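[1] predicted model, plus sequence, below.
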Amino acid sequence: MIMQKTLNYLTQFTPEEIKRRNKEQHKQNEKEYTLFREKFSKGFCYICGEPLEIFKEENPCVHWLLRPKGFKKKNFKPIYEKYGYFKLQAYLRWVANEENIFKNINDLLAEKTDKKLFETTIRFKNIEWSFSCDKSDYVGHTTSLISYPHYHFQMFIDQKPFITFSDFHIPFTNYDIWQLEMLSHSDKFKHRFVFGEGMEHAMSAVSAEDIINNSSVAEDETQALYNFSTTITAEPGSTISGNEIHKLLKESKEKNIPMAKLARSLKNVSFQTIIYPSADVPEIAKRKGRNSRLGKNK
């Protein structure tokens, strides 16, 4: 009943009013993000004001997930109780994008297990944080004591477990549930971690054409955001000149222009470019099974 009332309330706004409210929210997000970046660059937490390496047990803060000295697994509970799923992930996404925009956040829907409500792995330096929620987690396990809606969290440091998925069944806050219920009406509501976008945004929000046209060849492949795989096929009755291909390869290397773009200058050929996430994108940590990495076809 409450959810239906909320839907009725939110859907009464005109497109102009929705646009105005979204603009105001974006300004608020931008202001908060600017403060975060300013403080983070100086080694301080914009929320509690303490240096990032400081751990004070009496003042739980999300920056503890950067593992200041003294922070232990048991100290995670007061953090998730205070902040909730959306606020925890939003902060960690901002942190990750300070090191590498987009590619430190694997939230690719193509790599999400079908039965999961969400699966995300976020990396910053030597730390990886992962969020996971089965659809059965969200409704609660009616056959056990964990009958409340919850999600799971994992934290690895130097590729070694610090917190595992099985350590906590983390209750969603009322705000989390409200947000998730809103998002279940995908025809009416959209959600973005503003300034915390990951590889799903990088792969889906920009057209393949624009990705190819605006990319350059990275000197170090581990620093690349995308990987391209281009197949060139001669049209029936035609052949491909090896000299032309060699010329394009040389131009690609000298000018840092992807072959996917230069191939368009060839005549009497067809070509296909598949765009993959960078190989340096962290794998989504799986509680069960594993998905293969898929690309984006042009």
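    Sure, I can see it.

[2] could you measure the residue minimising distance to the centre of the chain against residue 83, distance?
    Closest residue to the average C-alpha location of the chain: residue 198 at 3.0 Å, with Cα atoms, centre = their mean. Relative to residue 83, residue 198 is positioned 19 Å away (Cβ to Cβ, to the nearest Å). C-beta: built from backbone N, CA, C; applies to glycine.

[3] what's the domain layout of this protein?
    Following automatic domain parsing, one finds the domains of the chain at 2-197, 208-282+291-297.

[4] pick the most deeply packed of the ones you listed.
    Neighbour counts (mean count of other Cβ atoms under 10 Å) averaged over each of these peak at domain 2-197, with a mean of 16.

[5] for it, what does the pLDDT average out to?
    The predicted model gives domain 2-197 an average pLDDT of 90.

[6] okay, the strand or helix carrying residue 93 in PDB with CA atoms only?
    Assessed by DSSP states H and E, residue 93 sits inside helix 76-99. Extracted as PDB, the C-alpha positions of helix 76-99 are listed here (Å, rounded to 0.1, in the frame of the first residue of the first chain):
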ATOM      1  CA  PHE A  76      32.100  -3.700   9.500                       C
ATOM      2  CA  LYS A  77      28.700  -4.200  11.200                       C
ATOM      3  CA  PRO A  78      28.400  -0.600  12.500                       C
ATOM      4  CA  ILE A  79      29.300   0.700   9.100                       C
ATOM      5  CA  TYR A  80      26.600  -1.100   7.200                       C
ATOM      6  CA  GLU A  81      24.100  -0.400   9.900                       C
ATOM      7  CA  LYS A  82      24.800   3.300   9.600                       C
ATOM      8  CA  TYR A  83      25.100   3.700   5.800                       C
ATOM      9  CA  GLY A  84      23.200   1.000   4.000                       C
ATOM     10  CA  TYR A  85      23.800  -0.600   0.600                       C
ATOM     11  CA  PHE A  86      23.300   2.400  -1.800                       C
ATOM     12  CA  LYS A  87      25.400   4.800   0.300                       C
ATOM     13  CA  LEU A  88      28.200   2.200   0.800                       C
ATOM     14  CA  GLN A  89      28.500   1.400  -2.900                       C
ATOM     15  CA  ALA A  90      28.200   5.100  -4.000                       C
ATOM     16  CA  TYR A  91      31.200   6.000  -1.800                       C
ATOM     17  CA  LEU A  92      33.300   3.000  -2.900                       C
ATOM     18  CA  ARG A  93      32.500   3.800  -6.600                       C
ATOM     19  CA  TRP A  94      33.800   7.400  -6.100                       C
ATOM     20  CA  VAL A  95      37.000   6.100  -4.600                       C
ATOM     21  CA  ALA A  96      37.500   3.600  -7.400                       C
ATOM     22  CA  ASN A  97      37.000   6.200 -10.100                       C
ATOM     23  CA  GLU A  98      39.700   8.400  -8.500                       C
ATOM     24  CA  GLU A  99      42.200   5.700  -9.600                       C
END
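
[7] now the residue nearest to the centre of the chain. Nearest residue, chain neighbours left out?
    Distances taken as Cβ to Cβ, 6 or more residues apart in numbering place residue 105 nearest to residue 198, at 2.8 Å, with adjacent residues excluded.

[8] and the one you found, its phi and psi?
    Dihedral pair for residue 105: phi -120, psi 110, per degrees, to the nearest 10.

[9] all helices of the stretch 101-250 of the chain, in order?
    Along the stretch 101-250 of the chain, counting by DSSP state H, counting those that start in this stretch, helices occupy 135-139, 174-183, 199-204, 208-213, 242-255.
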